[in-house]
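Engineer: I would like to see how this sequence folds:
(4 chains)
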Protein chains: 2
Amino acid sequence: MFKSLDPLLHSQLRLAIISLLIGLESAEFTFIKEKTNATAGNLSVQIDKLEKAGYIKVVKSFKAKRPLTTCSITKEGIKAFEEYVNHLKTYINRDNEK
Amino acid sequence: MFKSLDPLLHSQLRLAIISLLIGLESAEFTFIKEKTNATAGNLSVQIDKLEKAGYIKVVKSFKAKRPLTTCSITKEGIKAFEEYVNHLKTYINRDNEK
DNA sequence: ATAAATTAGTTTATTTTATAAACCAAATAA
DNA sequence: TTATTTGGTTTATAAAATAAACTAATTTAT
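Structural biologist: Numbering: from 1, shown residues only, chains lettered A, B, ... in the order given. As a prediction, the model looks like this:
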């Protein structure tokens, strides 16, 4: 009846990150930070978790001599997000049968 | 852009409880337990939180000499759920503008 | 040249949640 | 009568979220 929700995506910030990345080729750390209003620390931690889960790819480089962290969603990430959304629907649509 | 999600509802079990109650006049503890597959302990705690938030009403009585806990959603609970669902849509629909 | 502030993060510590395990009281069954 | 089941609650532990402190380098101001 209620499908279980991927705990990796069932987090406000991680869901926002994925939601953002799914519409983009890639995004920089600071861009994600602005869009999500997250603190840098929290964002750093959550990006790490998504990367370890294989949901996003993280590339570290330099731009104008400064560190630059670029994130992009992976195929697994897209799949996980889609499944998460489908499972959510068992909670938010009133089709409470089976 | 991403609207903040009511932390009281952003929990798998509490969301399932509310989702269930929104379609019913009321429901008994054991019924909710079966439908959500929750453990009694977890369910007890989460029902408590929803009650303290004013999202559900809990009535304790006896049925066949046994304790009976009956829950029903409140107006505030319905409102909170509807708002939660609307906020969720900023995460799951790709209308990532403003 | 050097101190202060800013950028772009990471790490560590603390608080909050979720969850499981243990427990309790009463009733029923063996 | 003791063992089990019902219907929970309470307590303890594990996991998550978050904030605060820190690092390292750069830029700006003095």
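Engineer: and stretch A:18-26, is it in reach of DNA strand C?
Structural biologist: No. Against DNA strand C, stretch A:18-26 shows no contacts by C-beta under 7 Å from any atom of the strand, the least distance being 12.3 Å. In this view, the C-beta of every residue, glycine as well, is placed from N, C-alpha and C.
Engineer: Could I get the buried residue list for that stretch?
Structural biologist: By neighbour count on 16 or more other C-beta atoms under 10 Å in any protein chain shown, the buried set for stretch A:18-26 is A:18-21.
Engineer: Tell me the secondary structure at the most centrally placed residue in chain A.
Structural biologist: Nearest to the geometric centre of chain A sits A:I18, at 2.5 Å (C-alpha atoms, centre = their mean). Here A:I18 is helix, with the state taken from DSSP: H, G, I helix; E, B strand; the rest coil.
Engineer: How many residues are close by the closest residue to it other than its chain neighbours?
Structural biologist: Leaving aside its chain neighbours, A:I18 sits nearest to A:F81 (5.2 Å; criterion: C-beta to C-beta, 6 or more residues apart in numbering or on different chains). Number of residues near A:F81 (other C-beta atoms under 10 Å in any protein chain shown) recorded here: 21.
Engineer: so where does A:F81 fall, helix or strand?
Structural biologist: Secondary structure from DSSP states H and E places A:F81 in helix A:75-92.
Engineer: got the angle for that helix vs helix B:75-92?
Structural biologist: Here the directions of helix A:75-92 and helix B:75-92 differ by 160 degrees (axes from the mean of the first three to the mean of the last three C-alpha atoms, to 10 degrees).
Engineer: residues from chain A in reach of chain B?
Structural biologist: Within chain A, the positions near chain B by C-beta under 8 Å from any C-beta of the partner chain are A:1-2, A:4-5, A:10, A:12, A:15-16, A:19-20, A:22-23, A:35-37, A:85, A:88, A:91-92, A:94, A:96.
Engineer: got the contact list for stretch A:68-80?
Structural biologist: When contacts are defined by C-beta atoms under 8 Å, 6 or more residues apart in numbering or on different chains, stretch A:68-80 is touched by residues A:6, A:8-9, A:17-18, A:21-22, A:24-29, A:32, A:47, A:50-51, A:53-62, A:81.
Engineer: Cool, thanks, talk later.
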